[in-house]
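Enquirer: Give me coordinates for this.
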Amino acid sequence: MAGKFELYKDNGGEFRFRLKAGNGENILASEGYKAKASCENGIASVKKNSVDDGRYEIKEQSNGKPYFVLKAGNGEVIGKSQAYESEASCKNGIESVKNNAPDASVDDQAG
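Expert: From the prediction side, this is the model:
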């Protein structure tokens, strides 16, 4: 099963997306957007930038657990992962985004 983007409206009324792997696991989540079109542009940016290793940055939470962010060409963060138990599993998450994002369909749940 291929990965997909879920576009949805959060409780605060903002549009967000999450990228899910073929197994249904969340692998990347967006910030909130005021406009649906901006959220759709964010998805397009993830599809474009996800194949470029230089767009990923591994960071560390205050508890020491690694996570990664995906940045656009202008350096702005367009998606963030969950926290991982190890840097190796974090790198696997990056590979999953690279494999799933470019051809992922969009499931528009925002109406």
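Enquirer: how about the most centrally placed residue in the chain, what does it touch?
Expert: Nearest residue to the geometric centre of the chain (C-alpha atoms, centre = their mean): residue 28, 2.7 Å. When contacts are counted by C-beta atoms under 8 Å, 6 or more residues apart in numbering, residue 28 is found next to 18-19, 46, 70, 79-81, 97, 101. All C-beta spots, glycine's among them, are computed from the backbone N, C-alpha and C.
Enquirer: can you do 10 Å?
Expert: Taking C-beta atoms under 10 Å, 6 or more residues apart in numbering as the criterion, residue 28 is in contact with 3, 5, 17-21, 46, 50, 68-70, 78-82, 93-94, 96-97, 100-101.
Enquirer: So which of those sit within strands?
Expert: Assigned to strands by DSSP state E, the following of these qualify: 5, 17-20, 68-70, 78-80.
Enquirer: Among the residues you listed, which one lies nearest to residue 55?
Expert: Ranking these by separation from residue 55, with C-beta to C-beta as the measure, puts residue 70 on top at 5.6 Å.
Enquirer: shouldn't that closest one be in contact with residue 59?
Expert: No. If you go by C-beta atoms under 10 Å, residue 70 and residue 59 don't touch, sitting 11.6 Å apart.
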